[in-house]
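Q: structure here, sequence nowhere to be found:
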Ligand SMILES: O=C(O)C(=O)[C@@H](O)CO
Ligand SMILES: [Mg+2]
């Protein structure tokens with residue numbers, strides 16, 4: 001298992017570009033950034049290179065969702081916009097040599113939203129840059145009310161319908177615990193679909209070990225499953241991010 005740091009949430013007290021050096025100093029070799037689109041891709045690339053970091057994941061499509069839309073891949077009225085904006089994400093992903101692109105569904109429900117999400121994912125998967133894997137991540141309804149992709153069974157159903165080798169499941173212990181009450185059982189049930197893992201505790205998305213998720217059991221499950229991918233800390237760290245990194249030694 002390979003630890004990574006989500007720089008959208010970790011080191012919140014530092015300006016964006018300074019978080020890369022902090023992550024490297026803490027021993028990370030890989031990082032995630034949810035929405036890098038406020039800056040030209042080459043600025044983020046420069047921060048990665050200068051600090052010996054690999055950027056493994058970004059979200060799509062732009063723009064930054066802070067205060068705005070939480071994606072729109074499952075929103076029928078936005079299908080044309082999705083197809084334009086996802087290509088901007090692909091350009092960022094290519095420049096930044098990103099491995100995973102989380103395709104955000106946006107708000108919606110029902111059969112039309114499901115079909116829109118499936119159609120958009122198939123379309124995007126078939127034109128995605130080589131080496132890039134698209135991900136689908138269930139986000140819990142307390143954090144994201146109205147968001148379409150809010151359940152692991154729904155994610156499995158969508159992935160079955162999409163049926164592309166470059167589309168997989170993004171598992172997040174915080175969301176899994178909030179959605180199903182047992183993040184470890186969720187991992188065990190859906191492990192064959194999981195291509196990327198994020199860590200946070202529940203119910204407050206706090207640092208691993210400060211809430212209700214059983215992290216020793218989760219790491220045992222990851223080992224049992226032979227999971228070889230990245231395990232990324234994506235949580236609200238508390239006063240000092242450095243004091244929240246005990247989970248990196250579990251992996
Ligand atoms: O909220 C999460 O969890 C994520 O991983 C994000 O990608 C959503 O922006
Ligand atoms: Mg997540």
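A: That came through fine. Being a predicted model, the structure only gives us computed values, none of them experimental. Numbering: from 1, shown residues only. Ligands and ions are numbered 1, 2, ... in the order given.
Q: list the beta-bridge partners for the one residue in the chain that gets nearest to ligand 2.
A: Distances between the chain and ligand 2 by CB to the ion are smallest at residue 172, namely 3.5 Å. Using the backbone N, CA and C atoms, a C-beta is placed for each residue, glycine as well. With DSSP bridges as the criterion, residue 172 is bridged to residue 198.
Q: kindly state the pLDDT recorded for it?
A: Note on residue 172: pLDDT of 98.
Q: same check, this time on residue 1
A: Residue 1 carries a pLDDT score of 79 in this model.
Q: what sits against it?
A: Taking CB atoms under 8 Å, 6 or more residues apart in numbering, we find residue 1 in contact with 219, 222-223, 227-229, 231, 251.
Q: and the helices in the stretch 151-251 of the chain?
A: With DSSP state H, counting those that start in this stretch as the definition, the stretch 151-251 of the chain shows helices at residue ranges 152-162, 173-180, 183-190, 215-225, 247-250.
Q: among those helices, which is nearest ligand 1?
A: Nearest to ligand 1, of all the helices of the stretch 151-251 of the chain, is helix 173-180, at 5.7 Å by CB to the nearest ligand atom.
Q: other residues contacting the closest one?
A: Contact partners of helix 173-180, identified using CB under 8 Å, 6+ apart, comprise 137-143, 150-152, 182-183, 186-187, 197-203, 205, 208, 211-213, 215, 218, 234-235.
Q: ok, stretch 115-124 next?
A: 73-76, 79, 82-83, 86, 103, 105, 108, 134, 136, 148-149, 158, 161-162, 164, 167.
Q: then stretch 224-234?
A: 1-6, 8-10, 30, 32, 56-57, 99, 172, 174, 187-188, 191, 194-200, 207-208, 222, 244-245, 247-248, 251.
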